[in-house]
Every structure is written in structure tokens, then in C-alpha cells.
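Student: Quick one: sequence and predicted model below, then my questions.
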Amino acid sequence: MSIFFLMRFFILFFVSIFIISCTNNYNPTVVSARKDASEIGLKIMEDGGNAFDAMIAVQLALSVSHPTAGNISGGGFMVYKLSDGSEGSLDFREKAPNSSSADMYLDEDGNVISGLSSLGGLAVGVPGTISAIFDIHEKFGLLPIEDLFKPSIELAENGFLVTKYLEDELNEKRNVFIMMNGEESLYSKNYREGDTIKNNNYAQTLIKIMNEGKDGFYSGEVAEDMIETISKKGGIMTLSDLLDYESIWREPVKFKYKDYDIISMSFPSSGGILLGQMMKAIEKFDLSEIPHNSAEYIQLLTEIERRAFADRSDLMGDPDFMNLPVYEFMDEEYIEDRMKSFSWEEATPSSEIKPGEVIFNESDETTHFSIIDKNGNAVSVTTTLNNSFGSKVYVENSGFFLNNEMDDFSSKPGFPNFFGVLGSEANSIQPGKRMLSAMTPTIVLKNNKPKLILGSPGGPSIITSVFQTILNVIEYEMDVNEAVSAPRFHHQWYPDLIVMEENVSSYEVDSVLKSKNYLLVKLPIEEDTLGVYKRSNIGAVDAILIDDFKNVSGGADSRREHYTSSVE
Ligand code: DON
């Protein structure tokens, strides 16, 4: 074979690859926690909608069929990357009601009253989701809003399927529902896998909002119903709190990891900033020398996570209420300094790690979904009521649960919230303030194009789940399903222990870690112990991976029910 022939072959080969990658479209894909929601999102894109239209339709569908976390009465964050190269994020986090105060969960002696910030009317933050839906539609929507609401209205009217996961969740919470909302409440009834639940009251609510826009939720009948229910259950939210709510377009946080650019959510989520700190810290180590989930790997990531979470506890909160630097937290010198006390020989006790000195310049159920449309617009959304079914308060006539996001504030400095994370003054309750979040909707870019769209539920372990999944893809070359399902572990500074999924490590690996003074807690745990809440695994990542030739694959975490819908 002549050298000219070979040269011609290679030139032709690379030119055709270049042409293919410039001209062909992406396979529209949705990965979410429900089959019906993923299918609705995909259909919207097949009917001419873009990723934002699909986002709205998926958010609404999840609010019908995934009542543990899907919502119109909660909040969340969206990070996006447009096919024209621009990027942004929307903060639709809940806010503290105007008459809230720093000591609202304390008794006369200044002690935290157990359950007050997480159960009942006082736990509810002013919801952001409906504001987001209409803001997103106004800025990016292609299809009429009716087309985006109708599939969910039909789902609520015709009924949605009770899956095994939903049956278990409903069973576990039934007694609390009965206590909170009475025996006759829709979700106090006994449902089994295979049943369908019709929610006509909710269908009517969606119709009102579809016809009236934001006003259909933040004022009028639905708003009055919400406020009446909240005050009956001991809450303080008022109609004017609802009228005041606005979602906010914010700069996403953006940082480099090797050849990749990563965009994620900035304050009031700590997610993107902690992820940046962790990626910057690990970049200094040669992971090709460190096997995945080996004792060295678990040790290194633990020490990185410990230091990042220490910063979160003391320094982070709502940027509209304090001067908060962003990039100082992931400054190379700062991170290097934080890692100086790391030793391969032994665990660094959390008591020896204080929140860092960053220069402040003057000046138990969430859900994630990832979407890409045919033009390559990428959307990453994490949304929640906080715990499973939020405050457990159900607005019967309007057909939805209310969030308990107030528990994400620090009720008292140094007192752990449900997820065991500590907070301080920076995250204390103030009227109108947004509570600090760990939600980490993220897009990893290669050559300024989406490579990985991902996020997770799991409270603080959202951040470590996203961190480890990115490393699984970039450093350990896993395909997207392996990457989201690979066993995980988590450290959050306090409690000072590594929470580990059962299959993450062998007896030998555990022995090495124990010999270095690491305290290990293996999941599942049936009861809260050592400051770790009852749970069986860590996070549930929904991801979309796009290769260099625009091939799209959805990764649905095997830990929970998740579904990829994609045009074949
Ligand atoms: O914003 C936060 O960090 C929490 N409200 C997230 C809650 C969560 O992920 C529950 N899921 N398992």
C-alpha cells in the first residue's frame, strides 16, 4: 500500500468525521426519576420543543407522578448550556417567610425544638418552582405554555402508576400523613404497586396556573388554599410572602478540570463551589496510579471532601444577604494550603480542620433530571421538597404537598440539620433569605460542548455523588451507566466518619482505612446512628453522556427508579 494511498485514506477519514460531527444532530434525551416524565419530555422535543420546553414539561410531570420530590410547591436550581455557547443558571430556591426569625425553632432556653423545622406548617419555605417555569418559558420557550401543561394535566386526571418505589415511600410515611392530614387525605390511603392514583384536585390546580400564569399560584384560590392550610398547621407564611417571590437568573460557577470546563450552581447552593474545590484539589494527584475505590482513593477523596465541607459549614449562605466570594474558595493557592495537613499515613481528625480563611472582598428526597435537545442545548435541573413529601402537609383541595426547606437553614449555630450538616450565622434564618443548598446540577464541557450533564438527590451527599461520578467518567473511563451506578462513599466533615455503600470496599480496604484511624459506617443503616440518618445508599445520579461524535447515552442510577427516554 503506497504512502499516498494511506495519507488519502486518513485525510478522508478525518474530514468525514469532522463533517459528521458538524452536521448531525444530537439524539434528544431525557433522564429522570419517572418513565412517564421522561416520555413526556421527549415527546415535547419531538413536537418541536427545545430542552427548556422539555424541562418545564418534565418538572410538571414529576410534580404529578413523583410526589416525594417532584413539585410546584418546592424549589431548585437549573444550569444550562446553549448550543450557541452561552450558559447560565436559574435559582428558584425557596425563601424564608417575611415574619421568620433566627430563633423561630428554639424554645425559651434557646434549645432547638425537634421536628419544628421539618414537619408541619412552620417548616415551609416560600416556593419557587412556578416562578421558574414561567421565567424559563418567557426567556427560552418555543411551544405554547398549554402544550407543556397539558400532558401533566392528563396524567393527573387519568392517573399515574404506583411503582414499587412509590409504594414503599407511601407505606413508610402513611402514619405521618394520617397524623398530619387525616385518614381521608389522598395519600393517607393504602396504595399498592400497580395501582393508579388519580389526582383531580391537582389537575384543576394545573389548569388554573396554565390559564393565569404565575398569578394562578402566587395569588387567588390556590394561594389562599395554601396559606390557609399552612396556618392551620402552625405556619406563618402569608399571601404577601407568595406575591413577593421571584426566581433569579444567576451566574453559574465555572472552573477548569484538566481539559474540561465545568459549570455548576453557585450560591445559594454550596454544590458547585464545593465541587470546584474538590475537583481542584484532586487535580494535583495522578489518579492513573490510584485504583478506583481502593483504600488510597477513598482516603484521598475523604480528606478532600472533609476540608470542603468544613468551609461550607461556617462561611456559606445566601449571597443576597452577605458578601460572599466564589472563586476564592477554589483558588489554587488556597486549596493547596487546605491540603497541606493531608497525610497518607493517617486520617486528619475533623476537629483539626477549621473552616478556611477565605478573603471576603468588599463588594430525604430530591430529584434530578438531565436533558439534551437535537441542537445540543443542555439542561441540568435539581428540584426538591427537601425531605420525602416535604413537610408532609398536604394542600387537599389543590392536591399537592408543601416543602420543608426551612430545615436547610441553621436553626442554631453548630446544631446539625436533618442531613447532619452544621451551619452558622452565615446560614441563619432571616426574613426573605434563601437557605443554603447542596444541590449540584452540573454540565461538564469538552471543547465548549456538553460532555456530561448530571446531578443527584441526597442532601450533602449530592456533591460527593456528582464529584465521584465525574471522576468515574473522566479518570476511570466508565460508560455512563457504570459511572452513575458505581458504589460511592461520603464524608462531610462532621460527623467525622466515612459513610460507605455496602459494596464500595472489601474487608482488606476497610482494614487499611481503620488502621489509619478512619471511622467507617456501612450502609444500609436501619436507624439514625452516630449522626448519620437512616438510609440505604448515597445519591441517585441521572446523567447524560455525549461522546466526541455527538452520540448521546443516558445513565439511569440503579439505586432508585430512573428512566432514560431517547429517540432511537
Ligand atoms: O437543598 C438541599 O441541599 C436539600 N434540601 C436537598 C435535599 C435532598 O437532596 C433530599 N434527597 N434525598
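Tutor: Received the coordinates, thanks.
Student: Which part of the stretch 151-300 of the chain gets nearest to the ligand, residue-wise?
Tutor: Proximity to the ligand, evaluated over the stretch 151-300 of the chain using Cβ to the nearest ligand atom, is greatest for S269 at 6.9 Å. (Glycine included, C-beta is placed from N, CA and C.)
Student: quick one, phi psi at the closest residue to that residue other than its chain neighbours?
Tutor: With Cβ to Cβ, 6 or more residues apart in numbering as the criterion, S269 has its nearest non-adjacent residue at 4.1 Å, and that residue is S437. Backbone dihedrals for S437, given as degrees, to the nearest 10, come out at phi -120, psi 170.
Student: From Y202, how far out is S437?
Tutor: As defined by Cβ to Cβ, to the nearest Å, S437 lies at a distance of 26 Å from Y202.
Student: These two - which one has more neighbours?
Tutor: S437 (30 against 25; other Cβ atoms under 10 Å).
Student: Could you pull up the contacting residues of that one?
Tutor: 77, 93, 265, 268-271, 408 (Cβ atoms under 8 Å, 6 or more residues apart in numbering).
Student: Now for those: which two are most distant?
Tutor: Comparing every pair within the contacts of S437 by Cβ to Cβ identifies M265 and D408 as the most remote, at 14.1 Å.
Student: More neighbours: the two, which one.
Tutor: With other Cβ under 10 Å as the criterion, M265 and D408 differ in neighbour count, and M265 comes out ahead with 31 against 28.
Student: Next up, the contacts around the more buried one.
Tutor: Going by Cβ under 8 Å, 6+ apart, the list of residues near M265 reads 77, 79, 89, 91, 252-253, 271-272, 382, 437, 439-442.
Student: residue boundaries of the strands in the stretch 351-500 of the chain?
Tutor: If you assign secondary structure with DSSP state E, counting those that start in this stretch, the strands in the stretch 351-500 of the chain sit at 366-372, 378-384, 394-395, 400-401, 442-446, 449-455, 489-490, 498-500.
Student: And the ones you listed: which comes nearest the ligand?
Tutor: Comparing the strands of the stretch 351-500 of the chain under Cβ to the nearest ligand atom, the one sitting nearest is strand 366-372, at 3.1 Å.
Student: Wondering if that closest one reaches the ligand at all.
Tutor: Yes: contact between strand 366-372 and the ligand, assessed by Cβ under 6 Å from any ligand atom, occurs at T366.
Student: can you check stretch 379-397 too?
Tutor: Yes: Stretch 379-397 is in contact with the ligand by Cβ under 6 Å from any ligand atom, via 384, 386.
Student: ok, G271 touching S461?
Tutor: No: G271 is beyond contact range of S461, at 11.1 Å (criterion: Cβ atoms under 8 Å).
Student: and for the two, which residues touch both?
Tutor: Between them, G271 and S461 share the neighbouring residues A438, with contact defined by Cβ under 8 Å, 6+ apart.
Student: what about the two, which has more around it?
Tutor: Neighbour tally, G271 and S461, criterion other Cβ under 10 Å: the higher count belongs to G271, 31 against 25.
Student: Just read off the phi/psi values of the more buried one.
Tutor: Main-chain torsions, G271, degrees, to the nearest 10: phi -50, psi -60.
Student: nearest spatial neighbour of the closest residue to the ligand within the stretch 1-150 of the chain, skipping sequence neighbours?
Tutor: Residue of the stretch 1-150 of the chain nearest the ligand, by Cβ to the nearest ligand atom: A69 (6.9 Å). With Cβ to Cβ, 6+ apart as the criterion, A69 has its nearest non-adjacent residue at 4.0 Å, and that residue is T367.
Student: gap between the one you found and G271?
Tutor: 15 Å.
Student: Please apply the same query to G216.
Tutor: 31 Å.
Student: Check K173 too.
Tutor: The value you get for K173 to G271, if Cβ to Cβ is used, is 26 Å.
Student: Please name the nearest non-neighbouring residue to M55.
Tutor: In space, not counting the residues next to it along the chain, M55 is nearest to V379; the distance is 4.9 Å by Cβ to Cβ, 6+ apart.
Student: can you pull out the helices in the stretch 401-550 of the chain?
Tutor: The residue ranges that make up the helices of the stretch 401-550 of the chain, judged by DSSP state H, counting those that start in this stretch, are 461-474, 480-485, 507-515.
Student: closest one to the ligand among these?
Tutor: Comparing the helices of the stretch 401-550 of the chain under Cβ to the nearest ligand atom, the one sitting nearest is helix 461-474, at 5.6 Å.
Student: Give me the mean pLDDT for that closest one.
Tutor: For helix 461-474, mean pLDDT is 98.
Student: so A308 touches I282, yeah?
Tutor: No: counting by Cβ under 8 Å, A308 does not reach I282; the two are 10.8 Å apart.
Student: More neighbours: which of those two?
Tutor: When A308 is set against I282 and neighbours are counted by other Cβ under 10 Å, the residue ahead is A308, at 29 against 21.
Student: Identify all contacting residues around stretch 500-508.
Tutor: Taking contacts as Cβ under 8 Å, 6+ apart, the residues outside stretch 500-508 that touch it are 293, 295, 298, 487-490, 513, 520-524, 537-538.
Student: Highest neighbour count among those?
Tutor: Ranked by the number of neighbours (other Cβ under 10 Å), those place H490 first, at 29 neighbours.
Student: where does that one land on pLDDT?
Tutor: Per the predicted model, pLDDT is 97 at H490.
Student: try the one 10 residues further on
Tutor: M500 is assigned a pLDDT of 96 by the prediction.
Student: All set now, cheers.
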